[in-house]
Structure formats: structure tokens, C-alpha cells
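>>> Would you be able to build a 3D model of this:
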Amino acid sequence: MHGEVVVESETVNNMQNEANMLRCTMNLLTQAQKIASTYTDSGIPVLYNGSCYEFIKTIPDSAVKLIITSPPYNIGKQYEKKHDLQDYYAMQELIIDECIRILQDDGSICWQVGNYVEKSSIIPLDILLYPIFAKHNLKLRNRIIWHFGHGLHASKRFSGRYETILWFTKTDNYTFNLDAVRVPQKYPNKKYFKGNRKGEFSCNPLGKNPSDVWEIPNVKNNHVEKTIHPCQFPVELVERLILSMTNENDMVFDPYLGAGTTTAAAAKNNRIGIGCEILKEYYDIAVERTSQALNGELKTRPMNKPIYNPDIPYRTIPEEDSQHSLFEEVYRVAK
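I've put the predicted structure just below:
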């Protein structure tokens with residue numbers, strides 16, 4: 001037809017591919033503007049690809065409100081080299097000493113560790129590393145037990161299903177926002193039955209203290225947050241620490257960033273996350289997840305979501321059961 005322009009399908013495809021590449025480039029440029037790769041106090045996340053010891057030297061004294069990390073356990077994972085235990089201790093001491101230097105006086109350090117295994121014998125790393133913090137006169141506020149339901153199965157000892165978080169503060173004047181991390185009450189409608197407060201609710205309407213034993217699923221293959229990192233922090237674990245130990249716009253640092261859960265959780269909650277990761281493939285994931293958090297696109301498991309929520313039918317106990325005749329009890333019948 002006269003005046004009609006005919007465009008080959010291959011040409012259209014090429015144009016679409018070029019447009020997609022341009023959009024990807026623009027997205028990367030936008031991310032680069034939101035995330036710095038070297039230390040800055042400009043109020044944006046900082047993710048450094050390289051040695052944590054090199055990076056931490058660039059951070060000023062008393063700059064950070066909260067340090068959260070899970071260092072290598074010295075068990076020969078793909079992201080670490082296994083060392084003699086004394087050498088491992090010395091390397092941890094170098095990093096911990098620097099972390100205490102950059103910590104604010106009202107700040108906290110949360111060091112999450114498991115066990116080192118040697119010749120089938122376990123050595124708890126929290127006990128091994130405690131003296132490093134103690135020599136700086138830090139105060140241990142809690143030894144938090146992170147309990148999870150899945151892990152490696154043992155045949156000659158009980159299977160390990162928990163790790164620990166050592167929470168230290170630098171002084172007695174530290175930030176702790178309990179109301180921000182309360183969990184649902186077990187009996188939310190419980191009331192006083194006598195005395196001057198009879199009839200009033202006997203529990204905090206905001207919820208209860210989550211205690212020092214945290215039941216949070218670890219990140220396995222079917223987890224919504226799963227990446228290629230083999231030992232990934234769940235966002236909920238980090239969020240509970242960030243919300244309770246910092247305020248908005250405070251700086252949160254992770255010297256062993258891994259897949260970027262700490263910086264992503266910080267961005268999600270209006271804190272400034274900084275961290276370093278030596279392996280490029282994990283660093284790229286950390287940048288992507290932190291960018292997603294900044295844009296409100298990070299997929300996470302909701303805080304305080306029940307671990308088990310089976311659809312179990314109910315059955316009323318027969319009335320002829322004299323032991324329960326005074327109560328209309330309902331109990332769950334497993335499928």
C-alpha cells in the first residue's frame with residue numbers, strides 16, 4: 001500500500017532487545033546513585049567488594065550504631081579457607097577490635113556463630129570468641145538462641161538445630177526499643193481476677209517480650225528469600241536486631257555481608273546499611289537485594305509469621321466422656 005512502512009520482524013526484535021538493554025542500563029545507573037561502593041557518610045548504603053579488614057579501616061571512629069554479622073565458622077565452606085584454630089582466633093580478633101573502634105558509645109554488636117568441628121568434636125565459637133569482647137570491657141546483654149527446624153542430620157550425636165547471637169553493648173547507655181519487636185501474647189485476653197485491677201488486661205496490649213530464644217526458620221531451598229549463598233541470614237532475624245537496637249537513619253554495619261541480608265533489612269527499615277563482601281558473586285546479589293529493599297521490592301518472609309500453620313480439622317470430645325463433661329473442649333486431630 002502506498003505510504004505504508006513495512007518493518008521486518010527481526011528488526012522489531014532487535015529494537016525491543018536494544019530497548020530492554022537500555023532499561024537495564026538505566027536501572028543499574030539508578031542503583032549506582034543509591035548505593036556507594038566506598039565508605040561515605042552521605043546517608044546512602046555502602047557495599048564494598050573486597051577485604052573487610054581493608055574496608056573497615058576507612059570507617060571513622062564511633063560512626064556505627066549497630067554491627068551485625070555471621071563470620072565464617074572455619075569449617076571449609078566454599079567462601080572460606082580453613083585455618084588452624086589459633087590463626088582463626090587471631091583473624092577474628094583483628095576484625096572485632098576494629099568493629100569496637102567504629103562502634104558508637106550507645107551502640108551494640110551482635111556476633112552470630114555456630115560450632116567449629118574438628119575430628120568429630122565440636123567447639124562452640126561463641127565461647128571461643130567471648131574473651132575478645134571481654135578484653136574491651138563490653139557488656140554481654142544476651143546470649144540469644146536462634147532455633148531452626150532444619151539442618152544437617154547427625155548419626156553419632158544429636159542433630160544441631162540452633163546457633164547463638166552474642167549481643168554486646170559498649171556502655172550501659174544503649175538503645176533498646178522493646179516495643180518495636182514484641183510478639184503476640186499467648187493469652188491476649190487474660191485479665192486480673194482479683195484486687196484493685198480486677199477485670200483489666202494483665203498483659204501488655206502491644207505483645208510480649210520475644211525472650212532470648214528465637215524460633216525463626218533458616219533459609220533453605222523453598223524459602224522465599226533463598227539465593228545461591230549456602231548460609232544465608234533470614235531477614236526476620238536481622239530485622240529484630242535492627243528494630244530493637246537502632247533508630248531510623250542510624251548506621252548498621254556487617255563486615256561479612258554475604259548475600260546482603262543486613263544491608264537489605266537496614267534499607268527496608270529506613271536505616272543506613274554498610275557492608276563488605278569479598279566474593280564478587282555474593283557481592284552482586286547483595287547489591288541487587290539492597291536495591292530491591294530501597295525500591296520496596298524485596299521478597300521476605302513476614303516477621304512473626306507462625307512457622308507451622310497446618311489446616312487441621314477440629315473435633316469436639318464426646319459428651320459421654322465424664323472426665324471432660326464440664327468443659328466444651330476442642331482439640332486438634334492430626335491428618
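>>> Now for I67, how many residues are close by?
For I67, the count of nearby residues is 26 (other C-beta atoms under 10 Å). Just so you know, the C-beta spots here come from the backbone N, C-alpha and C atoms, and that holds for glycine as well.
>>> Helix, strand or coil: sort out it for me.
Under the three-state scheme (DSSP: H, G, I helix; E, B strand; the rest coil), I67 adopts strand.
>>> What of C276?
strand.
>>> Need the pLDDT of it.
For C276, the model assigns a pLDDT of 96.
>>> what's the burial count for it?
By other C-beta under 10 Å, 24 other residues sit near C276.
>>> any low-confidence regions in the stretch 101-250 of the chain?
Within the stretch 101-250 of the chain, no stretch has pLDDT under 70.
>>> wait, what's in contact with T262?
For T262, the contacting residues are I68, T69, F233, V238, V252, F253, D254, G273, G275, by C-beta atoms under 8 Å, 6 or more residues apart in numbering.
>>> should've said I272
The contact partners of I272, taken as C-beta under 8 Å, 6+ apart, are G43, I44, P45, N249, D250, M251, V252, A266.
>>> Likewise for G114?
Contacts of G114 by C-beta under 8 Å, 6+ apart are Y73, L125, G160, E163, T164.
>>> now those residues in CSV, with neighbour count, distance to E215 and secondary structure?
Below are those laid out as CSV (neighbours: other C-beta atoms under 10 Å; distance: C-beta to C-beta, whole Å; DSSP: H, G, I helix; E, B strand; the rest coil):
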residue, neighbour count, distance to E215, secondary structure
Y73, 18, 22, coil
L125, 26, 21, helix
G160, 15, 15, coil
E163, 23, 13, strand
T164, 20, 14, strand
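>>> which among those residues gets closest to E98?
Distance to E98 across these (C-beta to C-beta) is lowest for L125, with 18.7 Å.
>>> wait, isn't the closest one in contact with N115?
Yes - with contact defined as C-beta atoms under 8 Å, L125 counts as touching N115 (6.4 Å).
>>> what secondary structure does W167 sit in?
strand.
>>> Just list the residues touching it, thanks.
Counting by C-beta under 8 Å, 6+ apart, W167 makes contact with S108, I109, C110, L140, R141, N142, R143, I144, L241, M245.
>>> where's it relative to K139, distance?
10 Å (C-beta to C-beta, to the nearest Å).
>>> for L206, same thing?
Per C-beta to C-beta, L206 is found 26 Å from K139.
>>> repeat for V219
V219 is 31 Å from K139, by C-beta to C-beta.
>>> and which of the contacts of G114 is nearest Y282?
Once C-beta to C-beta is applied, the member of the contacts of G114 that ends up nearest Y282 is Y73, at 16.0 Å.
>>> Could you tell me the per-residue confidence at the closest one?
Taking Y73 on its own, its pLDDT is 64.
>>> Likewise for G3?
On pLDDT, G3 comes in at 49.
>>> center of this structure, which residue is that?
V238 (2.8 Å; C-alpha atoms, centre = their mean).
>>> Helix, strand, or coil at that residue?
Under three-state DSSP, V238 falls in the helix class.
>>> In this structure it contacts G260, no?
No - using C-beta under 8 Å, V238 is not in contact with G260, being 10.4 Å away.
>>> By residue count, what's the longest strand in this protein?
For the chain, the strand with the greatest residue count under DSSP state E is strand 103-113.
>>> If you count contacts, what does that strand end up packed against?
strand 64-69, helix 85-102, helix 125-134, strand 139-147, strand 162-169, helix 235-245 (3 or more C-beta pairs under 8 Å, 6 or more residues apart in numbering; DSSP states H and E).
>>> Contacts for the fourth one, please.
Contacts made with strand 139-147 from outside it, assessed by C-beta under 8 Å, 6+ apart, are listed as 108, 110, 112, 126, 130, 133, 161-172, 174, 212-216, 237.
>>> What pairs with it, parallel or antiparallel?
strand 162-169 (antiparallel), strand 213-215 (parallel) (DSSP bridges).
>>> Spit out the contact partners of the residue nearest to the centre of the chain.
I68, T261, T262, A265.
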